[in-house]
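Asker: mind looking at a prediction? Sequence and model below.
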Amino acid sequence: MTHPRPVVFMGVDTHLDIHHLAVVDQLGAPLGDTQVPATPAGSAAAVVFAAGHGEVAAAGVEGTGSYGAGLTRFLTDAGIVVVEVNRPNRAERRLAGKSDPIDAYAAARAAASGRARTVPKDRTGTVEAIRAIHTSRRGAVKARTQAMNQLRALLVTAPAGLREHLRALPTHELVDACARLRPGHDLADPTAATKTALRRLARRIQQLSEEITDADIDLDTLTRQAAPTLRAQPGVGPDAAAKLLITAGDNPHRIGSDAAFAHLCGVAPIPASSGHTTRHRLNRGGDRQANNALHTITLTRQRHDPRTRAYTQRRTTEGLTPRDIRRCLKRYIARELHPILTADLAALTT
């Protein structure tokens with residue numbers, strides 16, 4: 001007579017080069033732990049090690065969107081349920097200490113107890129492609145802003161003749177003029193050295209602007225392909241659509257309701273009541289990129305959407321401040337866009 005295999009749970013503390021794996025039973029009792037390299041072969045070894053203790057019911061993985069992304073994909077392909085595990089809070093760490101085995105066992109127990117229930121993003125579809133393009137665009141925007149600030153700061157201390165010639169120009173003309181500067185060959189001369197630096201910064205800005213333009217074209221194409229109905233909504237441009245899609249991931253079923261989506265975007269008010277006082281406070285958590293996307297959509301609709309303009313006017317007469325009105329609108333927009341977003345992604349994956 002064959003006996004059924006015991007049910008076990010995995011927990012993984014992920015790192016750049018290695019992962020520490022722990023296995024517990026249904027009651028959270030430790031069964032063993034090991035260390036594997038952060039490679040496909042290491043992921044396979046982790047599955048073999050966990051399966052040697054019983055039937056793996058679920059795996060709790062820290063950092064499914066960073067160091068644990070490759071392991072998460074491998075476990076999912078192997079048919080193992082993966083849940084996202086947050087790192088232990090500070091109070092628990094002060095009591096239990098900090099080490100890779102401790103964190104791995106904590107992740108396994110979080111999966112076993114059901115405390116960790118968040119389904120990680122699926123990173124195998126069009127949304128992952130959008131995330132890659134958007135990441136490069138965001139980096140280019142930051143680098144261009146930094147280069148522009150450096151150019152203007154250098155212009156402030158430039159020799160008088162050069163400064164007076166360039167300081168009154170608008171930004172676009174300033175960059176073009178600096179890119180055309182001819183510094184000469186005597187770099188020991190402050191004017192020549194300043195012209196050289198300004199030209200290099202200006203050409204860097206031009207190159208980054210081209211990268212941003214190319215990324216915008218790619219995002220426009222990809223977001224229209226992935227979420228055409230979402231893109232048709234008022235105020236939803238390529239950047240805002242990309243941020244919302246990245247927040248949702250390629251598996252929209254993991255967000256069960258518009259309330260969950262609002263919390264994920266950081267636009268759901270948090271109860272802060274006590275005693276006879278009933279109030280809510282601003283939610284400063286959630287995905288700040290998605291929050292920024294909803295903020296952009298809100299501002300655009302307040303300027304151009306008749307329905308939103310009428311709502312803003314009505315709430316203003318009721319005594320709400322512009323900031324409170326925007327917060328209400330962001331929550332309403334999250335409620336409106338959630339079913340549209342999930343329907344578009346569901347159609348994309350079928």
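Answerer: Structure received. If you're wondering where the values come from, they're calculated on a predicted model, not measured in any experiment.

Asker: and His185, how many neighbours?
Answerer: 8 (other C-beta atoms under 10 Å). Any C-beta I mention is one placed from the backbone N, CA and C, and that applies to glycine too.

Asker: quick check: pLDDT value at it.
Answerer: Listed pLDDT for His185 reads 81.

Asker: that one falls within a strand, correct?
Answerer: No. Per DSSP: H, G, I helix; E, B strand; the rest coil, His185 lies outside any strand segment and is coil.

Asker: contacts only, for it.
Answerer: Ala192 (C-beta atoms under 8 Å, 6 or more residues apart in numbering).

Asker: Ala197 versus that one, what's the distance?
Answerer: 15 Å (C-beta to C-beta, to the nearest Å).

Asker: again, but for Pro234
Answerer: 44 Å.

Asker: which one of the two is surrounded by more residues?
Answerer: Legend: neighbour count by other C-beta under 10 Å for Pro234 and Ala197, higher for Ala197 (18 against 13).

Asker: by contact count, what packs against the helix or strand the more buried one falls within?
Answerer: Element membership of Ala197 [criterion: DSSP states H and E] is helix 190-226. If you count contacts as 3 or more C-beta pairs under 8 Å, 6 or more residues apart in numbering; DSSP states H and E, helix 190-226 packs onto helix 126-156, helix 160-166, helix 171-179, helix 228-231, helix 238-248, helix 322-349.

Asker: can you give me the buried ones in the fourth one?
Answerer: Put plainly, it is helix 228-231. Going by neighbour count (16 or more other C-beta atoms under 10 Å), the buried part of helix 228-231 is 230-231.

Asker: can you count the residues close to Val48?
Answerer: 10.

Asker: mean confidence (pLDDT) on stretch 53-72, please.
Answerer: For stretch 53-72, the per-residue pLDDT averages 92.

Asker: quick one: least confident helix or strand in the protein?
Answerer: helix 90-96 (a mean of 70; mean pLDDT, DSSP states H and E).

Asker: and the residue nearest to Gly184 when sequence neighbours are not counted, what does it touch?
Answerer: Counting by C-beta to C-beta, 6 or more residues apart in numbering, Gly184 lies nearest to Ala192, which is 4.7 Å off, once chain neighbours are set aside. The contact partners of Ala192, by C-beta under 8 Å, 6+ apart, come to 183-186.

Asker: kindly report the same for Arg335.
Answerer: Per C-beta under 8 Å, 6+ apart, neighbours of Arg335: 258, 262.

Asker: ok, residues contacting stretch 42-53?
Answerer: Against stretch 42-53 from outside (C-beta under 8 Å, 6+ apart): 6, 8, 10, 12, 18-19, 21, 23, 31-32, 34, 36, 56, 59, 70-71, 74-75, 78, 80.

Asker: list the buried ones in it?
Answerer: 42-43, 45-47, 49-51, 53.

Asker: got the contact list for Leu222?
Answerer: 126, 129-130, 133, 242.

Asker: most neighbours, which of the residues you listed?
Answerer: In the contacts of Leu222, the most neighbours by other C-beta under 10 Å go to Ala242, 28 neighbours.

Asker: do I have it right that that one meets Ala129?
Answerer: No. The criterion here is C-beta atoms under 8 Å, and Ala242 misses it with Ala129 at 10.4 Å.

Asker: what sits closest to Tyr284 if chain neighbours are left out?
Answerer: Rather than Tyr, residue 284 is Arg. Gly266 (6.9 Å).

Asker: may I have the phi/psi pair for the one you found?
Answerer: phi 70, psi 30 (degrees, to the nearest 10).

Asker: hang on, the earlier thing: show me which of the buried residues of stretch 42-53 is closest to Tyr311.
Answerer: Ser43 (50.5 Å; C-beta to C-beta).

Asker: so the closest one sits in a helix?
Answerer: Yes. Per three-state DSSP, Ser43 lies within a helix segment.

Asker: any idea how far Ala215 is from Pro238?
Answerer: In terms of C-beta to C-beta, Pro238 sits 9 Å off from Ala215.

Asker: what of Thr72?
Answerer: Separation of Thr72 from Ala215 (C-beta to C-beta) stands at 26 Å.

Asker: out of the two, which sits in the more crowded spot?
Answerer: The neighbour count for Thr72 versus Ala215, taken as other C-beta under 10 Å, is higher for Thr72 (25 against 22).

Asker: how about Leu16, nearest residue that isn't a chain neighbour?
Answerer: Nearest non-adjacent residue to Leu16 (C-beta to C-beta, 6+ apart): Tyr67, at 5.8 Å.

Asker: next, work out how far apart that neighbour and Thr221 are.
Answerer: In terms of C-beta to C-beta, Tyr67 sits 31 Å off from Thr221.

Asker: who's more crowded, the two?
Answerer: Neighbour count, other C-beta under 10 Å: between Tyr67 and Thr221, Tyr67 has more, with 19 against 12.

Asker: wait, a helix at the more buried one?
Answerer: No. Under three-state DSSP, Tyr67 falls outside any helix and is assigned coil.
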